[in-house]
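# give me the fold of what follows.
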Amino acid sequence: MTSRQMRAVRMFLRLAYQPRMNTAGRAHARMAEPKGSSRPPAAVRRRHEVSTRRVEGFDCHTVAPRGRRAERAAVYLHGGAYISEIARQHWTLISRLADAGVRVEVPIYGLAPQHTYREAYRFLTAVYTQLLADVDPSAVTVAGDSAGGGLALGLAQTLGAAGLPQPGRLVLLSPWLDLTLSNPELPAAQARDPWLSLVGLREVGPAWAGGDDPTDPRLSPLNGPLTGLGPMDVYVGTHELCLPDVLLLQQRAARAGASPQVTICDGAVHVYPLVPAPEGRSAAKEIVRTISG
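Numbering: from 1, shown residues only. Sure, this is the predicted structure:
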């Protein structure tokens with residue numbers, strides 16, 4: 001049964017957030033807004049060892065357990081439709097991972113429309129390469145939510161061509177898997193989603209593609225190889241646009257002989273493990289246990 005808190009979250013999102021991207025004009029206005037701060041919050045800096053370095057012209061924050069060496073590591077790629085900066089909810093999960101003994105690399109990739117996926121892949125590949133100098137790839141998880149979840153899968157699919165080993169695990173929260181948003185099941189999913197808007201996302205996607213073919217697997221990893229990757233955990237709710245493509249990912253992976261672990265939470269919204277509801281807290285606990293394990 002869906003919790004009262006999750007139902008309240010759905011109502012709040014429909015009233016406060018969905019209108020912000022439900023027309024083409026509003027989507028372009030959102031893209032034109034100044035980007036927020038990517039600096040780790042003071043509470044995170046007090047609680048953990050935090051450092052920042054420049055890689056390929058972008059900031060990468062390292063959040064590590066204070067006073068002990070981390071045996072496991074994660075690269076966390078935040079969501080935000082490729083146009084919004086990292087948010088408090090992302091830092092909460094990152095802090096919980098550090099509490100559990102995980103070193104977390106937080107690459108602050110450039111956002112559309114000022115930047116595109118081309119710069120992001122160069123940057124993220126460099127961050128991952130640097131991490132492997134300190135941590136065995138089997139102890140690394142590449143994780144992300146929403147747009148960051150799609151980027152995480154796309155990155156993993158390009159590592160072989162870059163001569164790099166796969167991470168030990170992928171963890172994807174409501175990943176945006178197809179920039180074209182062409183799945184025929186999406187209109188029905190839109191009716192249930194209190195947050196995301198097909199109209200708005202179809203405006204911001206081309207900005208992230210920078211004029212390139214949106215079916216390119218680096219933009220739509222649903223079209224990329226699904227074998228040769230590490231174990232993959234995917235979390236998705238029933239009340240969100242990402243569900244149809246996650247189900248398609250599961251089907252295509254099965255045909256290719258792979259078997260991602262897909263958790264579908266009844267009644268839950270987009271990126272529900274980041275939501276302050278019992279379903280979200282339970283999923284976040286499982287994610288931390290898996291990555292730190």
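# chain neighbours aside, what residue packs nearest to the residue located most distally from the centre of the chain?
Among residues of the chain, the one most distant from the C-alpha centroid is Gly67; the distance is 28.5 Å, by CA atoms, centre = their mean. Leaving aside its chain neighbours, Gly67 sits nearest to Glu49 (7.9 Å; criterion: CB to CB, 6 or more residues apart in numbering). Using the backbone N, CA and C atoms, a C-beta is placed for each residue, glycine as well.
# quick one: Pro276 from Val269, how far?
Distance, Pro276 to Val269, by CB to CB, to the nearest Å: 12 Å.
# so what sits against both of these two?
Residues touching both Pro276 and Val269 (CB atoms under 8 Å, 6 or more residues apart in numbering): Val9.
# and those two? Which one has more around it.
Higher neighbour count among Pro276 and Val269: Val269, with 28 against 13, using other CB atoms under 10 Å.
# helices along this protein, start to end?
Applying DSSP state H to the chain gives helices spanning 4-16, 24-32, 42-47, 88-99, 117-132, 147-158, 186-192, 198-209, 243-255, 278-292.
# which strands or helices does the third one pack on?
To tie it back to what came earlier, the one meant is helix 42-47. When contacts are defined as 3 or more CB pairs under 8 Å, 6 or more residues apart in numbering; DSSP states H and E, helix 42-47 sits against helix 88-99.
# what's in contact with the helix it packs on?
Identification of contacts with helix 88-99 by CB under 8 Å, 6+ apart yields 40-41, 43-44, 47-48, 63-65, 74, 76, 78-79, 104, 106, 145, 271, 273-275, 284, 287-288, 291-292.
# repeat for stretch 274-291
Taking CB under 8 Å, 6+ apart as the rule, stretch 274-291 contacts 2-3, 5-6, 9, 72, 74, 89-90, 92-93, 96-97, 99-100, 102, 141, 143, 145, 169, 171, 173, 233, 235, 263, 265, 267-269, 272-273.
# in that stretch, which residues are buried?
Buried residues in stretch 274-291, counting neighbours by 16 or more other CB atoms under 10 Å, are found at Leu274, Val275, Ala277, Glu279, Gly280, Ala283, Ala284, Ile287, Val288, Ile291.
# got it, and stretch 163-172?
Buried residues in stretch 163-172 (16+ other CB under 10 Å): Leu164, Gln166, Pro167, Gly168, Arg169, Leu170, Val171, Leu172.
# any idea of the mean pLDDT in that stretch?
With pLDDT averaged residue by residue, stretch 163-172 scores 98.
# for that stretch, what is the distance to the chain centroid?
14 Å (CA atoms, centre = their mean, to the nearest Å).
# and what of stretch 3-23?
20 Å.
# extract the CA atoms of it and return them as PDB.
Extracted C-alpha coordinates of stretch 3-23, given in PDB (Å, rounded to 0.1, in the frame of the first residue of the first chain):
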ATOM      1  CA  SER A   3       2.200   5.500   2.200                       C
ATOM      2  CA  ARG A   4       0.400   8.700   3.200                       C
ATOM      3  CA  GLN A   5       3.700  10.500   2.800                       C
ATOM      4  CA  MET A   6       4.200   9.400  -0.800                       C
ATOM      5  CA  ARG A   7       0.600  10.400  -1.700                       C
ATOM      6  CA  ALA A   8       1.300  13.800  -0.200                       C
ATOM      7  CA  VAL A   9       4.500  14.100  -2.200                       C
ATOM      8  CA  ARG A  10       2.600  13.300  -5.400                       C
ATOM      9  CA  MET A  11       0.100  16.100  -4.600                       C
ATOM     10  CA  PHE A  12       2.800  18.600  -3.800                       C
ATOM     11  CA  LEU A  13       4.700  17.800  -7.000                       C
ATOM     12  CA  ARG A  14       1.700  18.100  -9.200                       C
ATOM     13  CA  LEU A  15       0.800  21.600  -7.700                       C
ATOM     14  CA  ALA A  16       4.300  23.000  -7.300                       C
ATOM     15  CA  TYR A  17       6.700  21.400  -9.700                       C
ATOM     16  CA  GLN A  18       5.000  20.100 -12.800                       C
ATOM     17  CA  PRO A  19       3.800  23.500 -14.000                       C
ATOM     18  CA  ARG A  20       7.400  24.700 -14.100                       C
ATOM     19  CA  MET A  21       8.100  22.600 -17.200                       C
ATOM     20  CA  ASN A  22       4.700  21.800 -18.700                       C
ATOM     21  CA  THR A  23       4.900  24.200 -21.700                       C
END
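# contact partners of it?
26-27, 30, 81, 193-197, 199-201, 204, 239, 267-269, 272, 275-280.
# which ChimeraX command selects the buried ones in those residues?
The buried residues among those can be selected in ChimeraX (16+ other CB under 10 Å) with this line:
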select :26,27,30,81,193,194,195,196,197,200,201,204,239,267,268,269,272,275,277,279,280
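# this completes my enquiry, with thanks.
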